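**Student:** here are the coordinates; sequence isn't available:
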């Protein structure tokens, strides 16, 4: 694996366009260091770098499911953790924007209400 | 495989993947959320080395940073690239060079004014937004001329597009930095005039 690509993937964490942003927020919230994040995702340093550089999955339920499936399948990642990371980033970003704009949190489109855990296999029912 | 550090690349270049390979990776960026990693693997290292070759005195970390920013921006807005206007490596080099110049400017402002880094960072996005703009359309006739330029002339042309004003930068590309300053200026002017004349002829504004 190209070490420059690994560094670039870490840098992508600044930009909500990339999945790296969600993985960074998730690791923060879960107080995970990089090895712990890798272990939770079932990733190697190489697949973690590739995953970080993926486009952030769409946020509508069908789009989220499709994109998470695609990423998880391609890199052999735990799709439940991946979906949780995306939802986590949505919630923290929504909260941050609400605070910045002075909007009451309950007026913001809180996605926490949709914070269900996606099933681990396509076809399984969601858990929440 | 762990690739060699960029510092080993001073004065050298890394061949770009084939046009077909790059274009195929570019096309996947629009629809495939997993495609950016592959694009990085293909483009980042050749781009970083191209930046370093363009400005050999550049800190390799800055070259890598500019190249990384350029590829990140490219992956975000793949639809802005028009293959009929510019080859993909040239397009990426153009973005990366602007990023590098922004970085130099940021370093300079930091040195001159001792602005805290956080403030400099806050000031940067608005400037960088320009960098993501696609290049202005190039008439097809001029496109043919640009494609036919030698490697040195192509680098000079890209500097002109970037509105580089320093003679020393052009002189470095021409390999004439050992010449006296006034001779460098003459040679640089001659080279720029030659490229301008070819382009003008191509778009029908020819002055010979």
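**Tutor:** Perfect, thanks for sending it. A quick note: this is a predicted structure, and the numbers were derived from the prediction, not measured. Numbers count the residues shown, from 1 in each chain, chains lettered A, B, ... in the order given.

**Student:** which secondary structure elements does the helix or strand of chain A with the lowest mean pLDDT contact?
**Tutor:** Using mean pLDDT, DSSP states H and E, helix A:79-101 stands out as the lowest-scoring helix or strand of chain A, at a mean of 87. Applying 3 or more Cβ pairs under 8 Å, 6 or more residues apart in numbering or on different chains; DSSP states H and E, one finds that helix A:79-101 contacts helix A:19-30, helix A:34-41, helix A:61-75. Heads up, the C-betas are built off the backbone N, CA and C, glycines and all.

**Student:** out of the ones you listed, deepest packed?
**Tutor:** Highest mean neighbour count of those: helix A:19-30, a mean of 21 (counted as mean count of other Cβ atoms under 10 Å in any protein chain shown).

**Student:** in the least confident helix or strand of chain A, which residues are buried?
**Tutor:** A:79-92, A:94, A:98 (16 or more other Cβ atoms under 10 Å in any protein chain shown).

**Student:** tell me what angle it forms with helix A:34-41.
**Tutor:** 120 degrees (axes from the mean of the first three to the mean of the last three Cα atoms, to 10 degrees).

**Student:** how close does residue B:75 sit to residue A:52?
**Tutor:** To residue A:52, residue B:75 is 12 Å away according to Cβ to Cβ, to the nearest Å.

**Student:** hmm, back to that, and of the helices and strands packed on helix A:79-101, who's closest to residue B:170?
**Tutor:** helix A:19-30 (38.0 Å; Cβ to Cβ).

**Student:** how distant is the closest one from the center of its chain?
**Tutor:** Relative to its parent chain, helix A:19-30 has a centroid offset of 6 Å by Cα atoms, centre = their mean, to the nearest Å.

**Student:** for it, which outside residues touch it?
**Tutor:** A:9-15, A:32-34, A:36-37, A:40-41, A:48, A:51-57, A:71, A:81, A:84-86, A:88-89, A:92-93, B:33 (Cβ atoms under 8 Å, 6 or more residues apart in numbering or on different chains).

**Student:** for stretch A:37-48, same thing?
**Tutor:** For stretch A:37-48, using Cβ under 8 Å, 6+ apart, the contacting residues are A:1, A:6, A:9, A:23, A:26-27, A:30, A:32, A:34, A:51, A:75-78, A:81-82.

**Student:** now do the same end-to-end measure for it.
**Tutor:** End-to-end span of stretch A:37-48 (Cα to Cα, to the nearest Å): 9 Å.

**Student:** mean confidence score for that stretch?
**Tutor:** Mean pLDDT, stretch A:37-48: 94.

**Student:** for stretch B:27-41, same thing?
**Tutor:** Rounded mean pLDDT across stretch B:27-41 is 92.

**Student:** which residues touch that stretch?
**Tutor:** Around stretch B:27-41, the neighbours that count as contacts under Cβ under 8 Å, 6+ apart are A:2, A:5, A:8-9, A:18-19, A:49-51, A:53-57, A:67, A:70-71, A:74-75, B:25-26, B:71, B:74-75, B:78-79.

**Student:** again, 6 Å this time
**Tutor:** Contacts to stretch B:27-41, defined as Cβ atoms under 6 Å, 6 or more residues apart in numbering or on different chains, come from residues A:5, A:8, A:50, A:53-55, A:67, A:71, A:74, B:25, B:71, B:75, B:78.

**Student:** equivalent analysis for stretch B:15-24, please.
**Tutor:** B:42, B:46, B:88-89.

**Student:** turn those into a markdown table, including neighbour count, distance to residue B:181 and secondary structure.
**Tutor:** Compiled in a markdown table, the contacts of stretch B:15-24 are given as follows (neighbours: other Cβ atoms under 10 Å in any protein chain shown; distance: Cβ to Cβ, whole Å; DSSP: H, G, I helix; E, B strand; the rest coil):
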| residue | neighbour count | distance to residue B:181 | secondary structure |
| --- | --- | --- | --- |
| B:42 | 21 | 40 | helix |
| B:46 | 20 | 33 | helix |
| B:88 | 20 | 36 | helix |
| B:89 | 17 | 32 | helix |
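
**Student:** could you dump the residues you listed to a markdown table with distance to residue B:56?
**Tutor:** As requested, those are exported to a markdown table (distance: Cβ to Cβ, whole Å):
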| residue | distance to residue B:56 |
| --- | --- |
| B:42 | 24 |
| B:46 | 16 |
| B:88 | 24 |
| B:89 | 19 |
